[in-house]
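Novice: need the 3D shape of this:
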Amino acid sequence: MKKFIILMSLTCSVFLAQAQSKSINSSTYKTALGVKIWNGGGISLKHFFTENHAGELFGYFWNQGIRFTGLYEIHGAISGATGLQWYIGPGAHIGFYDTKHGNGSYIGIDGVLGLDYKFSNAPINMSIDWQPTFEFGEGRGFYGNWGGLGIRYTF
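Specialist: Reported below is the predicted structural model:
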């Protein structure tokens with residue numbers, strides 16, 4: 001968890017510094033496809049339904065299983081930080097695991113809180129988020145160590 005907090009702080013500082021140094025209007029994007037890195041890695045697809053509402057689907061893959069997650073995200077601009085937005089929202093997942101805490105298929109509910117940055121002169125989007133989750137099943141429960149760093153190509 002310490003690594004995540006340090007990584008999020010450093011990334012936010014870089015995003016804010018870069019965003020404040022740009023004087024041109026930010027570019028927006030409709031859809032982005034890329035990777036999400038944390039606790040293994042995965043594929044991320046994010047699509048905006050409206051200017052401030054997006055859906056994100058991703059699959060995490062690591063040595064103890066796979067997990068597919070869908071999130072509904074509400075975005076808001078950060079005043080004075082061109083291209084940078086905060087987001088929050090609910091979601092759900094299904095996971096297929098082979099771990100010391102139990103083997104099998106599990107479902108759960110998720111939340112997400114993060115920052116999203118779209119580079120204005122490149123088709124690149126980056127995000128960092130925290131995704132607390134509650135998983136149902138024997139030996140399961142609350143997990144506060146999900147989330148990640150997303151790097152996506154926008155179109």
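Novice: show me where the chain has its strands.
Specialist: 31-37, 41-48, 53-62, 65-77, 84-99, 102-118, 124-130, 133-136, 142-143, 147-154 (DSSP state E).
Novice: for those, which one ends up most surrounded?
Specialist: strand 124-130 (a mean of 22; mean count of other CB atoms under 10 Å). Where you see a C-beta, it was placed from the backbone N, CA and C, and this is true even at glycine.
Novice: now that one - C-alpha only, PDB.
Specialist: What follows is strand 124-130, C-alpha atoms only, in PDB (Å, rounded to 0.1, in the frame of the first residue of the first chain):
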ATOM      1  CA  ILE A 124      -1.900   9.300 -25.100                       C
ATOM      2  CA  ASN A 125      -3.900   9.100 -21.900                       C
ATOM      3  CA  MET A 126      -2.700   8.100 -18.500                       C
ATOM      4  CA  SER A 127      -4.600   7.400 -15.300                       C
ATOM      5  CA  ILE A 128      -3.900   6.300 -11.800                       C
ATOM      6  CA  ASP A 129      -6.500   5.100  -9.500                       C
ATOM      7  CA  TRP A 130      -7.400   3.200  -6.300                       C
END
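Novice: tell me the pLDDT at Arg140?
Specialist: Per-residue confidence (pLDDT) for Arg140: 86.
Novice: what distance do you get for the residue nearest the centre of the chain to Gly137?
Specialist: The structure's the chain has its C-alpha centroid closest to Asp129; by CA atoms, centre = their mean the separation is 4.7 Å. As judged by CB to CB, to the nearest Å, Asp129 and Gly137 stand 24 Å apart.
Novice: with Thr28 instead?
Specialist: 40 Å.
Novice: for Gly42, same thing?
Specialist: Relative to Gly137, and taking CB to CB, Gly42 is found at 21 Å.
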